[in-house]
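**Q** Provide a 3D model corresponding to the input given below.
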Amino acid sequence: MTTRTSNRIRITSDKGCLSEEEIERMIWEAEMYKAEDGAAAARIQSKNDLESYAYDLRNSIEKLDIAVNETISWLDGSQEASKEEYDGQKRELRATVNAIMQKLSGLAD
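**A** Alright, predicted model coming up:
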């Protein structure tokens, strides 16, 4: 006499799977942190903009300082220069200053 008894074994693995609640919690946290991330990104961008502006100003001021000092040094060593030489030096200095001022006015935006 034989009996038809069968044993079935079902193996399931829940390991590594997320429950619906865990997925919803993760989505909620992502939305919550999205606003914080946006604020942090905006703050960092503002800092970078200010830093860039400050360095551009400093570099422009240094170039202006160099041009002025070179002109003053030239004046100190050129007491007997001609009118044309003085006028030429003034044009050079003015051109340098104008270029720097244009750059600075562009930075003011």
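
**Q** only C-alpha atoms from now on, for both contacts and neighbour counts.
**A** Fine.

**Q** identify the residues contacting L64.
**A** For L64, the contacting residues are 96-97, 100, by C-alpha atoms under 8 Å, 6 or more residues apart in numbering.

**Q** now the residues you listed: which count as buried?
**A** 97, 100 (16 or more other C-alpha atoms under 10 Å).

**Q** T71: which element?
**A** T71 is located in helix 20-77, with elements delineated by DSSP states H and E.

**Q** show the average pLDDT along that helix.
**A** Mean pLDDT, helix 20-77: 92.

**Q** after that helix comes which helix or strand?
**A** Helix 20-77 is succeeded, C-terminally, by helix 83-107 (DSSP H and E).

**Q** circling back to that earlier point, let me have the contacts of L64 in JSON lines, adding pLDDT and distance to K47 as columns.
**A** Shown next, in JSON lines, are the contacts of L64 (pLDDT from 0 to 100; distance: C-alpha to C-alpha, whole Å):
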{"residue": "T96", "pLDDT": "95", "distance to K47": "30"}
{"residue": "V97", "pLDDT": "94", "distance to K47": "28"}
{"residue": "I100", "pLDDT": "91", "distance to K47": "24"}
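
**Q** residues making contact with stretch 102-109?
**A** By C-alpha under 8 Å, 6+ apart, stretch 102-109 touches 53, 57, 60.
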